[in-house]
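A.B. asks: only geometry, no sequence info:
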């Protein structure tokens, strides 16, 4: 079989998620998660996107670039949704550790913009880390992409938001100071932490503190008595 199938990215994601820790495990879990696809030549032209404004959502085909290219994928993986212990086949999962490192994400189309000479497709409700190479963009077609009879086995329903979130006085004060620069930050923090991004094997350690990065801010938090407490926000 011919294995010489070269692909060239058509653009790169600029995302509110600089690091993979805290990135939602699927799109639509964080409505305030925003980003854009910065298009590369020769696809940084409005002609290539003529008519896309008529579609509410688009598919993003991308490369899991933070998975090492020389890391051999396993036939079995352990989805976090199943607690990190049950194994399923890699092709019965959405694990990033897969042959060819290919990913597929459905995002909300927020329209084309041109800024500083760059043509960008604005997107929201994303689960994409900053710097993700984009291989293709296609419109979402509800009549064939969301069949009524579809079933999703152990992932047929969205995961429940498990962690209530509150902000310390220090974090509240900082949010007030920067609200004009980050108008949706409070909602984004709440949506990300509601999903409990902690690794399953850390959840029995009540003393552990965490930090995740959103935009250029480090969000410091812990879980105390079943509640996620945002302690402080700092410039990265």
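C.D. replies: Everything's here; your move. Fair warning: this is a prediction, and the values are worked out from it, not measured in the lab.

A.B. asks: endpoint to endpoint, stretch 48-61 covers what distance?
C.D. replies: Terminal residues of stretch 48-61 lie 16 Å apart, using C-alpha to C-alpha, to the nearest Å.

A.B. asks: quick check: mean pLDDT of it?
C.D. replies: Mean per-residue pLDDT for stretch 48-61: 98.

A.B. asks: residues of it that come out buried?
C.D. replies: By neighbour count with 16 or more other C-beta atoms under 10 Å, stretch 48-61 contains the buried residues 49, 52, 57, 58, 59, 60, 61. C-beta coordinates here come from the backbone N, C-alpha and C atoms, glycine included.

A.B. asks: please, which helix or strand holds the fifth one?
C.D. replies: Residue 59 belongs to strand 57-63 when elements are defined using DSSP states H and E.

A.B. asks: direction included, what does that strand pair against?
C.D. replies: Next to strand 57-63 in the sheet, as set by DSSP bridges, lie strand 102-115 (antiparallel), strand 133-139 (antiparallel).

A.B. asks: can you tell which of these is closest to residue 45?
C.D. replies: Evaluated over the strands paired with strand 57-63, closeness to residue 45 peaks at strand 102-115, with 10.3 Å, by C-beta to C-beta.

A.B. asks: if we can go back for a sec, could you point out the helix or strand that follows the strand holding residue 59?
C.D. replies: Counting by DSSP H and E, the next helix or strand C-terminal to strand 57-63 is strand 76-77.

A.B. asks: next SSE downstream of that following strand?
C.D. replies: Counting by DSSP H and E, the next helix or strand C-terminal to strand 76-77 is strand 88-89.

A.B. asks: can you list the strands that that following strand pairs with?
C.D. replies: For strand 88-89, the paired strands and their directions (DSSP bridges) are strand 76-77 (antiparallel).

A.B. asks: for the protein, which segments are assigned as helices?
C.D. replies: All helices of the chain, identified by DSSP state H, fall at 142-145, 169-178, 185-194.

A.B. asks: quick one: low-confidence parts of this structure?
C.D. replies: 1-3 (pLDDT under 70).

A.B. asks: still on that earlier bit, can you tell which of the strands paired with strand 57-63 is closest to residue 208?
C.D. replies: Nearest of those to residue 208, taken as C-beta to C-beta: strand 102-115 at 29.1 Å.
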